[in-house]
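Undergrad: build the 3D model from these lines:
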Amino acid sequence: MSDHKPTGITRWLFTTNHKDIGTLYLWFAFIMFLVGGAMAMVIRAELMEPGMQVVDPLFFNSMTTMHGLIMVFGAVMPAMVGFANWMVPMMIGAPDMALPRMNNWSFWILPFAGTMLVSTLFMEGGGPAFGWTFYAPLSTTFAPASTDFFIFAVHMLGFSSIMGAINIIATILNMRAPGMTLMKMPLFVWTWLITAFLLIAVMPVLAGAVTMMLTDRNFGTSFFDAAGGGDPVLFQHVFWFFGHPEVYIMILPAFGIVSQIIPTFARKQLFGYASMVYATAAIAFLSFIVWAHHMFTVGMPVAGELYFTYATVMIAVPTAVKVFNWTATMWKGSMTFETPMLWAVAFVFLFTIGGFTGLMMGVAPADFQYHDSYFIVAHFHYVLVTGAVFAIIAGIYYWIPKWTGNMYDERLGKIHFWWSTISVNVLFFPQHFLGLAGMPRRIPDYAVQFAEFNFMSSIGGFAFGAAQLLFLYIVIKCIRGGDKATDTVWENPEGLEWTIPSPAPYHTFETAPKVK
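TA: Residues are numbered from 1 along each chain as shown. The predicted structure is shown next:
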C-alpha cells in the first residue's frame, strides 16, 4: 500500500477522513452562521426604531425567512454533524466513520444547497418572504418563482441530513471497540445515536411537505388550496410533525456536548448516567406526539387542545431530569471555570429559561395570548441561541486543543464569553416583554410604545454579532499556533481518552494493491 497523502484543494474535495470532514462541516456552519447573523443585523437595524428606515417590507420578510432557514439548516445542524464526525469515531474507538465516501458526499451537497438557498434573494420577484415555516398558501399561491429553487435546496439539505444520520447509526452500532457496550458509551455518542434516528424519521416528512408545495404550485394539485378542496391547515400539521422533532435534533447533541464538559470541570463522573440516556430517549419519543402545540390558534377541538397541552407539559419532565443531573454533577465538585465550563454553565441557566417559557406556551388557553408575538421569538432564541449555539461554542473551546494540538487564548475566550452572554440577554430578554405587551413577530414597523425595548434589543444584537467576530479571531489564532496542548489538557482525573490531543489527521487515500 502506498502512503499517498493529497494536499491543497484535493485533500479537502476528496477526503474520506472523518476529522477532515468534521472540520469542513464546522467551517461551513460557521460561514452560514455569519451569513444568517448578517441577516439578523438587517432585521435588528430596521426594528431599532419605529417607522420604515432601512429596507422595504418585502425584503424585511425575506430576511426573517432566510435568517431562520440558514441558521437551522445551514449553521446549527451542520455544526452538530461536524462534532459527530470528529468525535464519535474517537469516542467509541472506531478508525473512521462506517461509510467514508458517503460521508464526503453528504458534506459536499451542503455548500451547493446553501448557495441555492441564498441565491433566491437575487432572483426576479425577490427571495422567499413567507417565514421559515413557509406556511401555505403564502408559499404556494402567493409566492415568487424563486420558491421552486428554495424547494429544491430544502430537498438537498434533507438528503444530506439523512445520509449523515445513516452513517452515524452504522458507525455507532457496528464499529465500537471491544468491551464498549451501549451503556458505556459517552453521553455525546448516545445523544447523536438518538438524534440520527430522529433525522431519518422526520426528514422524509419535510420532503413530503415541500413536494406537495411543488405540485400545488406547478401541477394543479390542491393539497393546501381550499378552493380546490385542500386544506391550508394540513400543511401546518405536516410541517410541524417534522418541525417539532427538528427542534430536538438541534438540541439533543447540545445536551451531549454539555454532558461531556460539566463532568470534566467538576472533576466528577456524570450524575445519573443511565437516567440521562433514558431521558434523551424519552424526549425523542415525546417530540413526535406534541407537534400541534404550534397550532393552538387554528381552531382545533378542545379535546385536541387538552391532549397537546398534557403531552407538551410531559416533555418537560425528562428535560428537567437532565437539568437536575447537570446540577447534581456540579454539586460539591472541585469546579474550575475555564472557558468551556463557563459556556456550559451559561447553557444550563439560559436554556432552562427557554424551557420555562416553552412550558408557558404549551398551555393552550395561555398560548392564545402568546401566539405569533415576540414572546415566541424570545422563547425559541433562548432555546436555540443560548441553548444550541452556546453548546456548539462550548464544544469548540473544549475540543479545539485536541483538534489542533494548540491551546486557545484563555483570556480572549473569557472576554468572548462575558461579551456574548451579557449581549445575548440584552438582545432577547426584552423580547419577552414586547410579546406580553402585544407586539406581533415578523413585522418591519410597530407602534411607538414598543420603541424602547426594541432599541435595547437591537443594541444587544449588534454587540452579540460583534462578539462572534472575536470568536473567529480566537479560532484562527489557535489553529495557527499557541501553547502546545498537553496529554491531560483539562487535567481530568479519570484520564478520559477524548481529552488527549490527537496527531494531525491521517488520510484514507491509499491506492488498492496491484493484483499480480
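
Undergrad: residue ranges with poor pLDDT in the stretch 351-500 of the chain?
TA: The model of the stretch 351-500 of the chain has pLDDT under 70 over residues 488, 491-500.

Undergrad: what's the single longest helix in this structure?
TA: Ranked by residue count and defined by DSSP state H, the top helix of the chain is helix 232-266.

Undergrad: do you know the pLDDT at residue 515?
TA: Residue 515 carries a pLDDT value of 41.

Undergrad: tell me which residues in the longest helix of the chain are buried?
TA: For helix 232-266, a neighbour-count test (16 or more other CB atoms under 10 Å) marks 232-233, 235-236, 238-266 as buried. Using the backbone N, CA and C atoms, a C-beta is placed for each residue, glycine as well.

Undergrad: okay, now the unreliable bits of the protein?
TA: Within the chain, the stretches with pLDDT under 70 are 1-4, 488, 491-516.

Undergrad: contact partners for the residue nearest the centre of it?
TA: Closest to where the C-alpha atoms of the chain average out (CA atoms, centre = their mean) is residue 76, at 2.9 Å. Residue 76 makes contacts with 29, 250, 384, 388, 389, 392, as judged by CB atoms under 8 Å, 6 or more residues apart in numbering.

Undergrad: of the residues you listed, buried ones?
TA: Neighbour counting by 16+ other CB under 10 Å classes 29, 250, 384, 388, 389, 392 among those as buried.

Undergrad: is the fourth one in contact with residue 251, as I believe?
TA: Yes: with contacts defined as CB atoms under 8 Å, residue 388 counts as touching residue 251 at a distance of 5.6 Å.

Undergrad: which other helices and strands contact the strand or helix carrying residue 432?
TA: In this assignment (DSSP states H and E), residue 432 forms part of helix 410-436. Packing contacts for helix 410-436, counted by 3 or more CB pairs under 8 Å, 6 or more residues apart in numbering; DSSP states H and E, involve helix 339-362, helix 364-370, helix 374-383, helix 451-480.

Undergrad: chain center to that helix: distance?
TA: Offset of helix 410-436 from its chain centre (CA atoms, centre = their mean, to the nearest Å): 18 Å.

Undergrad: between that helix and helix 374-383, how many degrees?
TA: 160 degrees (axes from the mean of the first three to the mean of the last three CA atoms, to 10 degrees).

Undergrad: in helix 410-436, what counts as buried?
TA: Across helix 410-436, burial judged by 16+ other CB under 10 Å covers 412-413, 416-417, 419-421, 423-435.

Undergrad: contacts only, for residue 126.
TA: Residue 126 makes contact with 58, 59, 62, 144, 146 under the criterion CB under 8 Å, 6+ apart.

Undergrad: ok, how many other residues are close to the third one?
TA: Other residues near residue 62 come to 23 when the count uses other CB atoms under 10 Å.

Undergrad: ok, so what distance separates residue 473 from residue 71?
TA: Residue 473 is 22 Å from residue 71, where distance means CB to CB, to the nearest Å.

Undergrad: who's more crowded, those two?
TA: Comparing residue 473 with residue 71 by other CB under 10 Å, the one with more neighbours is residue 71, at 26 against 13.

Undergrad: from memory that one sits against residue 34, does it?
TA: No: using CB under 8 Å, residue 71 makes no contact with residue 34, being 10.9 Å away.

Undergrad: residue 20: what secondary structure?
TA: helix (DSSP: H, G, I helix; E, B strand; the rest coil).

Undergrad: hang on, the earlier thing: next, give me the two most distant ones among the buried ones among the contacts of residue 76.
TA: The most widely separated members of the buried ones among the contacts of residue 76, counting by CB to CB, are 29 and 384 (13.5 Å).

Undergrad: for residue 344, which non-adjacent residue is closest in space?
TA: Nearest residue to residue 344, sequence neighbours excluded (CB to CB, 6 or more residues apart in numbering): residue 261, at 4.3 Å.

Undergrad: the one you found: what's it in contact with?
TA: By CB under 8 Å, 6+ apart, the residues touching residue 261 are 340, 341, 343, 344, 394, 395, 398.

Undergrad: how near is residue 224 to residue 385?
TA: 31 Å.

Undergrad: tally of neighbours for residue 448?
TA: When neighbours are counted by other CB under 10 Å, residue 448 registers 9.

Undergrad: wouldn't it be in contact with residue 49 here?
TA: No: applying CB under 8 Å as the test, residue 448 and residue 49 come out as separate, 9.3 Å apart.

Undergrad: how close does residue 449 get to residue 439?
TA: From residue 449 across to residue 439, the span is 9 Å (CB to CB).

Undergrad: cool, residue 80 as well?
TA: Residue 80 is 32 Å from residue 439, by CB to CB.

Undergrad: these two: who's more crowded?
TA: Neighbours per residue (other CB under 10 Å) separate residue 80 from residue 439, with residue 80 holding more: 29 against 21.

Undergrad: that one touches residue 253, doesn't it?
TA: Yes: the criterion here is CB under 8 Å, and residue 80 meets it with residue 253 at 4.2 Å.

Undergrad: mutual contacts of those two, please.
TA: Common contact partners of residue 80 and residue 253 (CB under 8 Å, 6+ apart): 192, 195.

Undergrad: of the helices and strands packed on helix 410-436, which is nearest residue 131?
TA: helix 374-383 (11.6 Å).

Undergrad: how many neighbours does residue 127 have?
TA: Residue 127 has 23 neighbours, counted by other CB under 10 Å.

Undergrad: so it: helix, strand or coil?
TA: Secondary structure state of residue 127, per three-state DSSP, is coil.

Undergrad: now do the phi/psi pair for it.
TA: Taking degrees, to the nearest 10, you get phi -80, psi 170 for the backbone angles of residue 127.

Undergrad: before we move on, what about the one 4 residues further on?
TA: Recorded main-chain torsions at residue 131 are phi 80, psi 150, according to degrees, to the nearest 10.

Undergrad: since we're on it, how many residues are nearby?
TA: By other CB under 10 Å, 17 other residues sit near residue 131.

Undergrad: cool, and residue 476?
TA: Around residue 476 there are 9 other residues, counting by other CB under 10 Å.

Undergrad: all numbers from here: first residue = 10
TA: Shifting the count to begin at 10 puts that one at residue 485.

Undergrad: distance of it relative to residue 492?
TA: Applying CB to CB, the value for residue 485 to residue 492 is 16 Å.

Undergrad: residue 357 contacts residue 264, correct?
TA: No: taking CB under 8 Å as the definition, residue 357 is not a contact partner of residue 264, at 10.3 Å.
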